[in-house]
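Asks: The following block contains a protein sequence and its predicted model.
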Amino acid sequence: MTRLPPRPKLSWKEDGTPADDGVGDVYFSRHDGLEETRAVFLQGCGLPERWLARPNFTVAELGFGTGLNFLAAWQLWQQTRNPHQWLHFVSFEGFPLDAEDARRALAAWPELRAFSDKLIDAWPERACGVQRIVWPEDRITLTLHTGDISETLPQSELHADAWFLDGFSPAKNECMWSEALWPHVRERCREGALLATFTVAGGVRRGLSAAGFEVEKKPGFGRKRERLEVRAPADIDRPADSHGLRPMGQAPQQVRIIGAGIAGACAARILLDRGIAVEVIDAAPGPAKAASGNPLALVMPRLDAGDTVQARLLVDAYLAARRFYAGRPGAWETTVVHRPKDEKEAERISKVLADPPLGLENLEALPGGGLLYKGALILQPDVLLPSLLEGADFRFHTRLEPEDLEDDIPTILATGHSASAFMKWLDIEGRLGQVECVETEVDAPASATASGDYAIALGRRRVWGATFERWEGGSIEESETARASNMDALDALAPYWWHEARKGQVTSRASVRATTPDRLPLIGRLPDYERAIDVFDGVRHGQSPKDDAPLAGHLLIAGGFGSRGFTWGPWAGEILAGLVLDEPAPATQSALRAVSPMRQVLRRLKRGG
């Protein structure tokens, strides 16, 4: 089985209706598909009436297909919503269509053109995992889980107000209607959620009833005599939340962010776009004065050979970053030539090419070995970060102490290695990194090359490095040793640039990056450490955690990004927005646990700490 999600075996009927020959069913009726969506799913779930009184409303769907149901919901949302409401649409798909096939299919509905054009322009990449698309101007998000439904549904983190059950016919697509799915759907319902589907198949009715749903037949649409309307139970048992993944509850009017680097700026932009007032506090005189303040930054993927949780979340974070920065001031699309730095990396690249997690539109093999990353980004932090922070309230030259955080304002620690000053138990360390920069006489297009180190060109500016040395605290200073190391790396990466660099005045910049022992970031709600140690004491003795993690009510963190801060930032910001505003998570449960601060507490207990 390959890591890329399979494409459907697509064919087109004489009237232009798309069909998947792999299951022997059509995606919709070209004659009345949109009206069926409106009657079966929108009306069947009590829409729009049920979302009118709620600031946030979540619709979940089994079977994204062409996106027709999403577009119909989007259209109705725009026609009926109140100015400050948000709609979150979460969908699950195992065989994603290509954008052009979706465009062809949706051309049958010109009344949806204003919405379908936006969707096609932002069409998700072909990749297993979770991708989120946000249209702030329409106050709507789409979160797409791509992969086998038996894996993606149990790994999702959401509580839906409505469900559209719209896989292909149960007789032709049994996995999408398996009885084993319904308990997972139930766990992902809010109390009293409504579900709707076109089918009244006996197996579906029995499975839903066995999972505790109230199932009722209703008159069908068109040639279908009957359909189902389903109600979730009033009380829903949920599994223990040992990693603190649960949202904070009612959305606040204001959020405080400590740190004006890329972690804080991304979180600020996402929350500001959600309509939340944001206050940014930093001890520095302005944004991006620490690790985020290099002259140029590079966003490129880190692709692992294995299909692990870490490998998948690295792809998810990269795609989220690319989507978030695209079109913003200070963001330039480029290709990256990545040559292996040694035999071990050459072997990894070979395995990646044999089973890639991204399609040929994103990467390809280089002659002589290596990878070409297409669609990577070069960023100008001094341009980008002020644009991300636009609209926030600022308090620069301000250093906070732990006791300053004892109010009830949701607060995000985005302070890099300084986070341990607020939470002493955090296992986070600083790494000293130095880059070199020169202004040349040659004006070059955006380009980059990498092989452990990297070299970036944009206009007349060249930036290369970077070192990654242990930092024991104290002053942060540039060193000739680090410069010599970077110059040697540049000579190996781009000898022509090396000669050009020697003609100009090379300047160095050193900063401290925050990292963790497992090299994964810290993203999520912070636990109440002392209470967590007490509640999970049994973990010391080999017991599995069975309780909800005690949380430090209003405190969250985005840090430990290492050398990939610009890649992690947007993904982290969306995760934090979900926790603060009670939105569906833009990541799998496994990914959320892997980056949760609570993992450090549990790991310490497992080691007898």
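Replies: Cool, the structure landed.
Asks: Check the separation of the first and last residues in stretch 275-293.
Replies: Start and end residues of stretch 275-293 are separated by 27 Å (CA to CA, to the nearest Å).
Asks: For that stretch, which residues meet the burial criterion?
Replies: Neighbour-count burial for stretch 275-293, with 16 or more other CB atoms under 10 Å as criterion, is recorded at 275-276, 278-284, 287-288, 290-293. For glycine as for every other residue, the C-beta is placed from the backbone atoms N, C-alpha and C.
Asks: Next step: those residues restricted to strands.
Replies: Filtering these for membership in strands, criterion DSSP state E, returns V278, E279, V280, I281.
Asks: The third one and I428: what is the separation?
Replies: According to CB to CB, to the nearest Å, V280 stands 21 Å off from I428.
Asks: picking that back up, in TSV, list the ones in strands among the buried residues of stretch 275-293 along with pLDDT.
Replies: As requested, these are arranged in TSV below (pLDDT from 0 to 100):
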residue	pLDDT
V278	98
E279	98
V280	98
I281	97
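Asks: which ones are touching the closest residue to L245 other than its chain neighbours?
Replies: Counting by CB to CB, 6 or more residues apart in numbering, L592 is the residue found nearest to L245 once chain neighbours are left out, at 5.1 Å. If a contact means CB atoms under 8 Å, 6 or more residues apart in numbering, then L592 has E157, H243, L245, G524, I575, A585 as its contacts.
Asks: For A60, which three-state class applies?
Replies: The assignment at A60 comes out as strand when based on DSSP: H, G, I helix; E, B strand; the rest coil.
Asks: Give me the distance between it and I257.
Replies: Relative to I257, A60 is positioned 30 Å away (criterion: CB to CB).
Asks: do the same with G249
Replies: Here the distance between G249 and I257 works out to 19 Å (CB to CB).
Asks: pLDDT value on the nearest residue to D582 once chain neighbours are set aside, please?
Replies: The shortest distance from D582 to any residue other than its chain neighbours is 4.0 Å, reached at P247 (CB to CB, 6+ apart). With respect to pLDDT, P247 scores 95.
Asks: and P247, what is it in contact with?
Replies: With CB under 8 Å, 6+ apart, P247 has these contacts: G578, L579, V580, L581, D582, E583.
Asks: For the residue nearest to L245, pull up the helix or strand it's in.
Replies: helix 589-595 (DSSP states H and E).
Asks: lowest-confidence helix or strand of this protein?
Replies: With mean pLDDT, DSSP states H and E as the measure, the helix or strand of the chain carrying the lowest mean pLDDT is helix 495-503 (a mean of 83).
Asks: list the buried ones in that one?
Replies: For helix 495-503, the buried set under the neighbour-count rule, 16+ other CB under 10 Å, comprises W497, W498, E500, A501.
Asks: Equivalent analysis for stretch 242-249, please.
Replies: Neighbour-count burial for stretch 242-249, counted by 16+ other CB under 10 Å, picks out S242, H243, G244, L245, R246, P247, M248.
Asks: Identify the single longest strand in this protein, thanks.
Replies: Looking only at the chain and at elements set by DSSP E, the strand with the highest residue count is strand 429-451.
Asks: what angle separates that one from helix 495-503?
Replies: Interaxial angle, strand 429-451 versus helix 495-503 (axes from the mean of the first three to the mean of the last three CA atoms, to 10 degrees): 120 degrees.
Asks: Name every strand pairing with strand 429-451 and say which way it goes.
Replies: strand 331-338 (parallel), strand 453-465 (antiparallel), strand 469-470 (antiparallel), strand 507-515 (antiparallel) (DSSP bridges).
Asks: Figure out how far the shortest one is from the centre of its chain.
Replies: Taking CA atoms, centre = their mean, to the nearest Å, one finds strand 469-470 lying 29 Å from the centre of the chain it belongs to.
Asks: what mean pLDDT does whichever helix or strand comes after it have?
Replies: Under the assignment DSSP H and E, the closest C-terminal helix or strand after strand 469-470 is helix 480-493. When the per-residue pLDDT values of helix 480-493 are averaged, the result is 93.
Asks: Go through the contacts of P247 and single out the one with the most neighbours.
Replies: Note: the member of the contacts of P247 with the most neighbours is G578, at 26 neighbours, neighbours being other CB atoms under 10 Å.
Asks: leaving aside the residues next to it on the chain, what's closest to that one?
Replies: Closest residue to G578 in three dimensions, ignoring its sequence neighbours and counting by CB to CB, 6+ apart: A585, at 4.9 Å.
Asks: got a list of what the one you found touches?
Replies: Residues near A585 by CB under 8 Å, 6+ apart: S156, E157, L158, L245, I575, G578, L592.
Asks: Which residue comes closest to the second one once chain neighbours are left out?
Replies: Distance criterion CB to CB, 6+ apart; nearest residue to E157, sequence neighbours excluded, is A585 at 3.8 Å.
Asks: Show me where the stretch 251-400 of the chain has its helices.
Replies: All helices of the stretch 251-400 of the chain, identified by DSSP state H, counting those that start in this stretch, fall at 262-273, 309-325, 343-354, 381-388.
Asks: Identify each buried residue in the third one, please.
Replies: Think helix 343-354. Buried residues in helix 343-354, counting neighbours by 16+ other CB under 10 Å, are found at E345, R348, I349, V352, L353.
Asks: Tell me, domain by domain, which residues of this protein belong where.
Replies: 10-231, 254-289+385-427+518-606 (automatic domain parsing).
Asks: Including distance to D304, could those domains go into JSON lines?
Replies: As requested, the domains of the chain are arranged in JSON lines below (distance: least, CB to CB, whole Å):
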{"stretch": "domain 10-231", "distance to D304": "13"}
{"stretch": "domain 254-289+385-427+518-606", "distance to D304": "12"}
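Asks: do you know which of those domains lies nearest V337?
Replies: Ranking the domains of the chain by their distance to V337 (criterion: CB to CB) puts domain 254-289+385-427+518-606 first, at 18.2 Å.
Asks: And that closest one, end to end?
Replies: Domain 254-289+385-427+518-606 has an end-to-end distance of 37 Å (criterion: CA to CA).
Asks: ditto for stretch 121-137
Replies: Using CA to CA, the span of stretch 121-137 from its first residue to its last is 15 Å.
Asks: and it, average pLDDT?
Replies: Taken as a whole, stretch 121-137 has a mean pLDDT of 97.
Asks: Same check on stretch 451-467?
Replies: Averaged across stretch 451-467, pLDDT comes to 94.
Asks: dump the residue contacts of the most far-flung residue of the chain relative to its centre.
Replies: For the chain, the largest distance from the centre (CA atoms, centre = their mean) belongs to K503, which lies 42.5 Å off. For K503, the contact set (CB under 8 Å, 6+ apart) comprises T440, E441.
Asks: roughly how far apart are it and E441?
Replies: 8 Å.
Asks: before we move on, back to that, just how off-centre is the least confident helix or strand of the chain within its chain?
Replies: Taking the mean of its C-alpha atoms, helix 495-503 sits 38 Å from the chain's own mean (CA atoms, centre = their mean).
Asks: the inter-axis angle of that helix versus helix 480-493?
Replies: Angular relation of helix 495-503 and helix 480-493 on a 0 to 180 degree scale: 140 degrees, by the same axes, to 10 degrees.
Asks: Could you measure from L360 over to L4?
Replies: For L360, the distance to L4 under the criterion CB to CB works out to 10 Å.
Asks: before we move on, what about Q43?
Replies: Note on Q43: its distance to L4, by CB to CB, is 37 Å.
Asks: One more: P381?
Replies: P381 sits 33 Å away from L4, taking CB to CB as the criterion.
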